[in-house]
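**Q** sequence unknown, structure follows:
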Ligand SMILES: O=C(O)c1ccccc1N[C@@H]1O[C@H](COP(=O)(O)O)[C@@H](O)[C@H]1O
């Protein structure tokens with residue numbers, strides 16, 4: 001079954017929708033972003049996340065102290081590094097980790113081999129911020145990837161219309177979405193549900 005991360009949640013109702021619709025990971029944004037929330041707010045929202053759903057904190061070039069504080073206060077299961085953090089920094093912190101790579105060309109895909117992390121997340125380059133632009137990158141750049149597919153999370157401009165094609169083409173372990181489950185700049189419970197259904201439907205039809 002394909003895994004789904006719903007990222008940038010700020011409201012209780014949307015955390016509940018993501019959990020009830022079958023998300024694997026819930027993402028809280030701690031980096032500069034229109035989706036940024038405080039550690040205290042994330043700790044309140046995290047109470048609504050049952051143990052089988054994993055809590056991810058998203059950071060862009062954080063200090064060690066920022067990461068440690070959020071992991072402790074929110075009870076994060078994974079730290080997502082969405083900036084230019086090096087492999088040594090991530091290893092030193094030692095938390096279960098997701099490293100994001102902004103893909104402009106194949107040289108960006110190759111950077112992944114320098115890291116030893118739990119999941120490798122491939123995203124389109126950011127526009128206003130380091131990610132969450134709602135743009136799609138060229139998925140064919142992942143064709144020659146040497147990393148096992150069961151360690152890959154695909155992100156960047158996914159929505160319920162294109163997620164099926166994305167899964168069919170890339171066969172990732174998981175897909176990640178933020179903009180594609182928003183309307184008028186806010187998360188939308190109906191879109192969250194439709195996205196998760198579309199992602200899981202595609203996976204079952206590939207297996208049939
Ligand atoms: O969502 C943001 O605002 C953001 C800001 C800074 C770094 C990462 C950010 N989001 C990540 O972007 C992708 C998906 O984005 P989208 O679906 O294209 O909007 C996902 O990995 C988010 O964690």
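**A** Arrived safely. Here the structure is a predicted model, which is why all the values come from computation and not from measurement. Residues are numbered from 1 along each chain as shown.
**Q** in which helix or strand does the residue of the chain found nearest the ligand reside?
**A** Here the chain gets closest to the ligand at one residue, residue 132, 2.1 Å apart by C-beta to the nearest ligand atom. For the C-beta atoms, the positions are set from N, CA and C on the backbone; glycine is no exception. Under DSSP states H and E, no helix or strand contains residue 132.
**Q** where does it land on pLDDT?
**A** If you check residue 132, the pLDDT there is 79.
**Q** how about residue 205?
**A** On the pLDDT scale, residue 205 gets 55.
**Q** residues near residue 144, how many?
**A** 9 (other C-beta atoms under 10 Å).
**Q** ignore the last one, residue 171
**A** Neighbour count for residue 171, taken as other C-beta under 10 Å: 15.
**Q** quick one, what contacts it?
**A** The contact partners of residue 171, by C-beta atoms under 8 Å, 6 or more residues apart in numbering, come to residue 149.
**Q** next, it: phi, psi?
**A** phi 50, psi 50 (degrees, to the nearest 10).
**Q** ok, now residue 153?
**A** Dihedral angles (degrees, to the nearest 10) for residue 153: phi -120, psi 130.
**Q** ok, back up a step: list the contacts for the residue of the chain closest to the ligand?
**A** Residue 132 neighbours (C-beta under 8 Å, 6+ apart): 7, 8, 29, 33, 35, 126, 178, 179.
**Q** out of those, who's near the ligand?
**A** 7, 8, 29, 33, 35, 178, 179 (C-beta under 6 Å from any ligand atom).
**Q** give me the residue at the spatial middle of this protein.
**A** Centroid-nearest residue in the chain, with C-alpha atoms, centre = their mean: residue 176, separated by 4.3 Å.
**Q** for the host helix or strand of it, packing partners?
**A** In this structure, residue 176 is located in strand 174-177 according to DSSP H and E. In terms of contacts (3 or more C-beta pairs under 8 Å, 6 or more residues apart in numbering; DSSP states H and E), strand 174-177 is packed against strand 3-7, strand 25-29, strand 119-123, strand 152-154, helix 163-170.
**Q** make a markdown table from these and add mean pLDDT to it.
**A** What follows is these, written out as a markdown table (pLDDT from 0 to 100):
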| stretch | mean pLDDT |
| --- | --- |
| strand 3-7 | 98 |
| strand 25-29 | 98 |
| strand 119-123 | 98 |
| strand 152-154 | 98 |
| helix 163-170 | 97 |
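**Q** got a markdown table for the ones you listed, with distance to residue 55 and mean neighbour count too?
**A** Listed next are these as a markdown table, based on distance: least, C-beta to C-beta, whole Å; neighbours: other C-beta atoms under 10 Å:
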| stretch | distance to residue 55 | mean neighbour count |
| --- | --- | --- |
| strand 3-7 | 11 | 25 |
| strand 25-29 | 6 | 26 |
| strand 119-123 | 14 | 25 |
| strand 152-154 | 15 | 23 |
| helix 163-170 | 22 | 18 |
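**Q** quick one: name the residues of this structure near the ligand.
**A** Residues of the chain lying near the ligand (C-beta under 6 Å from any ligand atom): 7-8, 27, 29, 31, 33, 35, 58, 60, 82, 100, 121, 123, 129-134, 155-158, 176-180.
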